[in-house]
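Colleague: sequence? don't have it. structure:
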């Protein structure tokens, strides 16, 4: 055409006629893997100079080397048709004519094509099919006008590779300076042996840095037969905080892998991990989102709150529940907490789902947040394969795997074929179908690709829409691995037309068995016909298995890799609860027989069903006995599994606090209105650095809200715990040495506090702790600021014996009384110190003092001192000297003290619990103390009552009747008449071994007591 004619046509024709309707298609992710389902991502652009949108796109594969399996559409689009014979998929934009809808000129969107490439002996280049004249061609259209856009889709090329690769990185949360281990699993999907395969990378994508190679990839190279699997492992060190994804590839110059990407890793002082499971679902299924945050520091975090997750994907999520829990008030150093959401996920086949999650907290009063972390991506599929079990221990023999096929499409499935997995790791049994109960005739297929095939019997339905069927194959042995290794098992599904096929796959992980951590702080609360178990999940956790036996501990460990269902029998025990993908930390076991002792083990497991030994709280399991709450029965018992003989501390009308030999402080609530809530935890047990061997004070502290427990442990650490939350207010950073004695506090805000104290410590309280060092002489007493734990003064004379019992504060004279061992009589055992300065004011030699020092009545300036040889002293608190003494008992032996508790002052005298040479020789005695100007002080025994190895006593007056309560090694609590000593009533705690010193809450007429077998129980008083 000449220039004059072109110019004339330009003048005569409308501008729209000359506009060009064009499109381009560009590969974004351009790799497919032979013999596996691969996803290819293409960016389609409307390159028109006209105004027409693109609202229908067809992508067709060039050649017969592929089966088209499906596709994913961007937002506003959907997969319209899949023509597997023509290897063509059509996407359609949402909207209706006359429009406009779809891609406007200049706009672009990404479309995913899923396909399965046939194996070949070398990597090859493939592409989309072009040419608008062919019905199989790739094309773009505007459906309202029928306009087809011009372009060359054959430019969209990709590589079909002969090796597949999967990359895992563990752990996914870590601190700066820690290491991650990378594992690259490579499978030879080509038809020839491949040698000299070497890894390339890793490439770190993200702001976290891993600049230090701790261990290079090993081995240096791999040789793999067709279908064989090999692994490379390496280790990197984190050198910069943030999030990152690792990418690694492998090849030998002839065949290669596509770059394999790991899930996201978070390096932080407050790291987080997000996971969404399952990842292949049918529309309408429920998915679980986990957010796990950790505290790897030495400082406790407060108020951990998850943010609302951000949804990423083309599916439609509907929140069903969560977050569970809504908040964690405390995240102590070294611990982690998980939050869970449940979503119903709807959408068209190919829709994706992914979440971004984050949490906030405070650290030392300042706000802190985790990184924004991504879960893996999931997808809504038409057909789904799941494998049970999905994990199996390496080296297992005669193991059956069950392949469950679900049909979410509209056409019946008539045949399924399992492709033979790598025989090195999955050796098929000589009788492979021995465990199959599908009802479909199976067949071993020997031609390539080899496998095992099941076909629906003629005249019987196949797998219809919305239905599933299981097919089992038995493996003679599972190969050993050196690291947990995941293998893809693939199945081919043939539809009713006999030619349409789908490929589905699912992972099976062969794992190395190892111990996973136990649940922590496992306790049981016994109620009417029920036991309620409560525990804390460790950071490595997927679920738990709860076993229950009668009278004795469950005796059989669960099999690694196996899932158990409630009602199954395991050894002498019954499975009463099991879960997965769960943050549940309580279980109520109901329908039990009151008075029967049940023993539990809880086995924590990870995602691969590796189980913990079930030795929490200890190897004998946890015993709990339901109670009828009737006459003579406890109102509730709280089982912790360790000796709880220490006398509980009462918060009147609210609850109690106690400690046990595992080094935990516990808190229970009193609820007289609702039996179901009575005895429940106030907060989770607080783990200290060492065992707590004495009671502790609970006091308000000047300038701080609430009340506080002040206690020391046998590891030598001191701490303050809030009574309302269980939060550690402070803990000493260095150990004093073993602490066993009852600490005491001198408070600023009391009517007893004098002006001298207030002048010395304005607005401050002092807490006093003493050590019990094995040297016997180098002990010390320290005064700490009770609000901060900082040292105020130290008394370390160099000749102080072990301090085991409690100390006494004299507010009137600002004096601290300290009882200690005498080191064989060579040391003065009672020291009187100035509580303001620690200056020694007096010392007395009163023999070994292993018990607390108490004031003898509020109106008498006399301290009652009990020594281990059986002497009781009255010490004048003005003159700081002995006023009177009485020989009350004698030691049963050199290693056994004369008493089980200090002499308890009562009504013009005291009560003692005397230990005999045998349990039967134990007794409780009441002594009177009278003083006259003529005869002086007379100490006289009023009565003696036999109690087997009695505990300390506690007095309670109901009406006008005063009673004493005492525990014994006969597993009974005894109620003694105060006047006569008559042992009038008893209640029993079978299996207790020994019963500790009780305490009584007189505001609700309730007794609390601990036992040697690890229970804390409540009884109404007086006894019936």
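Modeller: Received the coordinates, thanks. Since the structure is predicted, the reported quantities are computational estimates derived from the model, not experimental observations. Numbering: from 1, shown residues only.
Colleague: so in terms of bridging, what pairs with the closest residue to residue 30 other than its chain neighbours?
Modeller: Closest residue in space to residue 30, ignoring its immediate chain neighbours: residue 158 at 3.7 Å, by Cβ to Cβ, 6 or more residues apart in numbering. (Glycine included, C-beta is placed from N, CA and C.) Per DSSP bridges, the residues bridged to residue 158 are residue 126.
Colleague: who's in contact with residue 158?
Modeller: 27, 30, 31, 32, 40, 125, 126, 127 (Cβ atoms under 8 Å, 6 or more residues apart in numbering).
Colleague: now a PyMOL select for only the buried ones of those.
Modeller: Selection of buried members from the contacts of residue 158 for PyMOL, criterion 16 or more other Cβ atoms under 10 Å:
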select buried, resi 27+30+31+32+40+126+127
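Colleague: next secondary structure after whichever strand or helix holds residue 475?
Modeller: Secondary structure from DSSP states H and E places residue 475 in strand 468-478. Proceeding N to C from strand 468-478, the next assigned helix or strand is strand 485-495, under DSSP H and E.
Colleague: tell me which helix or strand comes right after that following strand.
Modeller: Next element after strand 485-495 (DSSP H and E): strand 501-511.
Colleague: strand partners (parallel or antiparallel) of whatever helix or strand comes next after that next one?
Modeller: Heading C-terminal from strand 501-511, the first helix or strand you meet, by DSSP H and E, is strand 520-527. Applying DSSP bridges to the sheet, strand 520-527 is found paired with strand 530-536 (antiparallel), strand 636-639 (antiparallel).
Colleague: any figure for the gap between residue 788 and residue 911?
Modeller: Applying Cβ to Cβ, to the nearest Å, the value for residue 788 to residue 911 is 39 Å.
Colleague: ok, those two, which is more surrounded?
Modeller: residue 911 (25 against 13; other Cβ atoms under 10 Å).
Colleague: quick check: closest non-adjacent residue to residue 679.
Modeller: Distances taken as Cβ to Cβ, 6+ apart put residue 636 closest to residue 679, at 3.3 Å, once the chain neighbours are dropped.
Colleague: list the contacts of residue 703.
Modeller: So residue 703 contacts 763, 787 (Cβ under 8 Å, 6+ apart).
Colleague: which one of the strands paired with strand 520-527 lies closest to residue 923?
Modeller: strand 636-639 (27.4 Å; Cβ to Cβ).
Colleague: so how far is the closest one off the chain centroid?
Modeller: Distance of strand 636-639 from its chain centroid, counting by Cα atoms, centre = their mean, to the nearest Å, is 24 Å.
Colleague: where do the helices of the stretch 501-650 of the chain begin and end?
Modeller: With DSSP state H, counting those that start in this stretch, there are no helices along the stretch 501-650 of the chain.
Colleague: quickly name whichever of the contacts of residue 158 is closest to residue 773.
Modeller: Nearest member of the contacts of residue 158 to residue 773, counting by Cβ to Cβ, is residue 31, at 68.4 Å.
Colleague: hey, what's that closest one bridged with?
Modeller: residue 159.
Colleague: so it touches residue 261, yeah?
Modeller: No: if you go by Cβ atoms under 8 Å, residue 31 and residue 261 don't touch, sitting 11.8 Å apart.
Colleague: identify the contacts common to the two.
Modeller: Common neighbours of residue 31 and residue 261 (Cβ under 8 Å, 6+ apart) do not exist.
Colleague: who are the contact partners of the residue nearest to residue 1006 when sequence neighbours are not counted?
Modeller: Beyond its immediate neighbours in the sequence, the residue positioned closest to residue 1006 (Cβ to Cβ, 6+ apart) is residue 1018, lying 5.6 Å away. Counting by Cβ under 8 Å, 6+ apart, residue 1018 makes contact with 634, 635, 636, 637, 670, 678, 679, 1006, 1007, 1008.
Colleague: surely residue 1018 forms part of a strand?
Modeller: Yes: counting by DSSP: H, G, I helix; E, B strand; the rest coil, residue 1018 is found in a strand.
Colleague: just use 156 as the starting number from now, easier for me
Modeller: Renumbered: residue one is now 156, and that last one reads residue 1173.
Colleague: isn't residue 1148 up against residue 1170?
Modeller: No: assessed by Cβ under 8 Å, residue 1148 is found out of contact with residue 1170, at 10.2 Å.
Colleague: which pLDDT value goes with the residue nearest to residue 1161?
Modeller: On pLDDT, residue 1173 comes in at 97.
Colleague: tell me the bridge partners for it.
Modeller: residue 791, residue 1163.
Colleague: do you know how far it is from residue 1110?
Modeller: Residue 1173 is 18 Å from residue 1110, by Cβ to Cβ.
Colleague: residue 782 too?
Modeller: 26 Å.
Colleague: the more surrounded of the two?
Modeller: Taking other Cβ under 10 Å, residue 782 and residue 1110 do not tie; residue 782 has more neighbours (23 against 17).
Colleague: follow-up on the earlier one: just the contacts of residue 313 now: which is nearest residue 926?
Modeller: Looking across those and measuring by Cβ to Cβ, the closest to residue 926 is residue 186, at 67.8 Å.
Colleague: how about the contacts made by that closest one?
Modeller: Per Cβ under 8 Å, 6+ apart, neighbours of residue 186: 193, 195, 313, 314, 315, 316, 413, 414.
Colleague: among the residues you listed, which one has the most neighbours?
Modeller: Result: residue 316 is most packed of the contacts of residue 186 (other Cβ under 10 Å), 26 neighbours.
Colleague: from what I can see that one touches residue 278, true?
Modeller: Yes: contact between residue 316 and residue 278 holds when scored by Cβ under 8 Å: they sit 5.1 Å apart.
Colleague: intersection of neighbour lists for the two?
Modeller: 410, 411.
Colleague: run a quick check on residue 263 versus residue 197, I expect a contact.
Modeller: No: the pair residue 263 and residue 197 fails to qualify as a contact (Cβ under 8 Å) at a distance of 10.2 Å.
Colleague: out of the two, which sits in the more crowded spot?
Modeller: Taking neighbours as other Cβ under 10 Å, residue 263 and residue 197 compare with residue 197 leading, 24 against 16.
Colleague: so what strands line up beside the strand or helix carrying residue 559?
Modeller: If you go by DSSP H and E, residue 559 is part of strand 552-562. Strand 552-562 has its sheet partners listed here by DSSP bridges as strand 538-543 (antiparallel), strand 623-633 (antiparallel).
Colleague: who's in contact with the last one?
Modeller: Right, the one you point to is strand 623-633. So strand 623-633 is contacted by 547-562, 571, 573, 580-593, 595, 597, 607, 609, 618, 665 (Cβ under 8 Å, 6+ apart).
Colleague: from residue 755, how far off is the closest residue to residue 722 other than its chain neighbours?
Modeller: Nearest non-adjacent residue to residue 722, counting by Cβ to Cβ, 6+ apart: residue 730, 6.5 Å away. To residue 755, residue 730 is 11 Å away according to Cβ to Cβ.
Colleague: now the common contact residues for the two.
Modeller: What both residue 730 and residue 755 touch, as defined by Cβ under 8 Å, 6+ apart, is the set 701, 702.
Colleague: more neighbours: which of those two?
Modeller: Neighbours were counted for residue 730 and for residue 755 using other Cβ under 10 Å; residue 755 has more, 27 against 18.
Colleague: let's see the pLDDT reported for that one.
Modeller: So residue 755 comes in at 98 (pLDDT).
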